[in-house]
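Engineer: Generate a structure from the sequence data that follows.
(one chain, ligands or ions: 1)
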Amino acid sequence: MSGKLNMTSAAIHSEEALQHVDLKRDVTKHLKRGHRWIFANCFDEARTGKSGIRLLKFKGEPLALGIWQADTQLRFRVLLLTEEPIFRRNNIERTLELYFDSQWRKALEIRKTFDLSITNSFRLINGEGDGLPGLIVDIYNDTAVIKHDHPIMEKVWNAKAIAEKIQAAYPHIKCVYLKRRNDESEKGVNIVGTLAPEVQFLENGVLFASNIRDAAKTGFFLDQRDNRKIIQHFSSGKTVLNLFSYTGGFSLFAAKGGAKEVTSVDIAKVAIEAVERNFKINNLPTTHHDVAADAFDYLEKQILEKKRYDLVITDPPSFAPNEKSVEQAKAAYTKVFSNSIKLVNSEGLFAASSCSSHISSQEFMEICQESFSRARKRATLVYFGAQPVDHPYPLAMEELRYLKFALFRLD
Ligand code: SAH
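Structural biologist: Next comes the predicted model:
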C-alpha cells in the first residue's frame, strides 16, 4: 500500500467521475431497514473492477452510495441511501460532505457522556455503528488513532480532513496517527504531530500506558470498559486470577476495587511487561503476579496444584475468526471456561467473555452452561454485559453486537 494520502479537503473522497455498480438481487428491504452490507453473491461474478466509492443501482435505478471492495466477500458497504433528503444526484461531493458532517455530529453527541477528567480514552468513530464504514477513530488522552479494515479506506477517508475535525471537536488533541496493520512494513503515519513512544490515558480514574505503534488494535481494548468497572465493584479483599490479561485492564480494576492479590496471565511477554508498568504508574498497593504463559497450560498446572481463587476472569481472543471455525471455537471456549471454573472457590465468582461476532449471546450462554456442567458446578448469573456506548451498531446489524461478558457466582 502506498504511504500517500489523498489531497482533497473533504472527509470522504470520491473520484471525480462516479461509477456505478449493478445489483443482481433485490436487497432493497434489507438496506431500508438499516443494514449496510451487501455480499459478493448479490453482484455479477465477473464484475470486480477497482475498489472505491460507487453508486449502487438496482434495475437501473440509483439505490445507495457506498464503498465497493472489489476483493472481499463483503463487496459493498453502504454510506447512504439515495432516498435520503441530503442525496444530490448532481453533486456527489456535497452529498458526501453533508452525510459525513451529520454522522460526525451524532457520533460526538454520544461521546459527550464521557467526563474527560475520569475517562479520556474512548472510541470516537465505530465504523458502520456510526454510519462511517471502515473508519475507526480512537482517542487516548491527547492522541487520536485512525484505523481502517481494508486498504481502500485510506483513499476513501481523508485522514487530514478528519484530523482537522478531531482537533476542532477536541482542541487538546496534539497527535493524530494513522495506524496500519502490525505486519505492514510501514506500521503507521503521523497525520498531525508525532506519536509518543508511550501514551498515558485514563479509564474510569485508572491510568494506563500504551505503546500505540506496536500495540494490538489501536492501543487498548476500549470495549471492556463497563465490564472492568463491574470487576472493580466485586473485587474487595479477593484473590483474583485474570487470564488472557493483555496489558492488565481487568487486573488494574480488580486492584483498584481492593483485591488482596491479582495474578495476570498472558502469552505475550510485552503484554505482561505492560501489566507491570500499569501497576507501577497507578501506585497501587495490591500484591500482583505477572505471568507470561499459555493460559491453557497454566490452567492445567493450577488444577493439578489444587490452586483456588475468589474471582477468575477469562477473556480469550476470538477463537472464531469466521463462520467455519465456530464449532472448533465453541470447544475451545468450553475447555478454557470449564478449567477456569475448576479454580474458583466455593461461592466465588467467575467472569467469562467472548469478543467473537460469530458466537451469538445465546450460543455464548450455552457455552457457559456446558462449561459449568463439565466442571460439575452450578452457578447464578449476577451480571450480563456487552459493548459500551462508544461501540454502537445499527439495530439491523445484530452481527456487529460482538462482545459478551457474564459474571457468575458459584452456588
Ligand atoms: N482482557 C484484555 C483483553 C484480552 S485480548 C483487556 O481487558 O485488555 C486477548 C489476549 O489473549 C491477548 O493479549 C493475547 O496475547 C492473549 N492470548 C492469546 N492466546 C493466548 C494463550 N494461549 N494464552 C494466554 N494468552 C493468550
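
Engineer: mind exporting the helix or strand hosting Glu276 as CSV, just the C-alpha atoms?
Structural biologist: Assessed by DSSP states H and E, Glu276 sits inside helix 269-282. Coordinates of each C-alpha in helix 269-282 appear next as CSV, following Å, rounded to 0.1, in the frame of the first residue of the first chain:
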residue,chain,number,x,y,z
LYS,A,269,5.7,-11.1,27.1
VAL,A,270,5.3,-7.5,26.1
ALA,A,271,1.7,-7.5,27.4
ILE,A,272,2.9,-8.9,30.7
GLU,A,273,5.6,-6.2,30.9
ALA,A,274,2.9,-3.6,30.3
VAL,A,275,0.8,-5.0,33.2
GLU,A,276,3.8,-4.3,35.5
ARG,A,277,4.1,-0.8,34.0
ASN,A,278,0.4,-0.1,34.6
PHE,A,279,0.6,-1.3,38.2
LYS,A,280,3.6,1.0,38.7
ILE,A,281,2.0,4.2,37.3
ASN,A,282,-1.1,3.7,39.4
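
Engineer: Show me what the mean pLDDT comes to for the helix or strand that it is followed by.
Structural biologist: Next helix or strand after helix 269-282 toward the C-terminus (DSSP H and E): strand 287-292. Averaging pLDDT along strand 287-292 yields 98.

Engineer: swap in stretch 326-342?
Structural biologist: On average, stretch 326-342 scores 97.

Engineer: Same question for it: list its buried residues.
Structural biologist: Residues 326, 329-330, 333-334, 336-342 are the ones in stretch 326-342 that count as buried (16 or more other Cβ atoms under 10 Å). (C-beta placed from N, C-alpha, C; glycine too.)

Engineer: go on, stretch 31-40?
Structural biologist: 31, 35-38, 40.

Engineer: could the buried residues of stretch 326-342 be laid out in a markdown table, adding secondary structure and distance to the ligand?
Structural biologist: Shown next, in a markdown table, are the buried residues of stretch 326-342 (DSSP: H, G, I helix; E, B strand; the rest coil; distance: Cβ to the nearest ligand atom, whole Å):
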| residue | secondary structure | distance to the ligand |
| --- | --- | --- |
| Val326 | helix | 18 |
| Ala329 | helix | 13 |
| Lys330 | helix | 17 |
| Tyr333 | helix | 13 |
| Thr334 | helix | 15 |
| Val336 | helix | 9 |
| Phe337 | helix | 14 |
| Ser338 | helix | 16 |
| Asn339 | helix | 12 |
| Ser340 | helix | 12 |
| Ile341 | helix | 17 |
| Lys342 | coil | 17 |
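
Engineer: Can you get me a residue count around Met397?
Structural biologist: Neighbours of Met397 under the rule other Cβ atoms under 10 Å: 16.

Engineer: residue contacts, it?
Structural biologist: 34-37, 128 (Cβ atoms under 8 Å, 6 or more residues apart in numbering).
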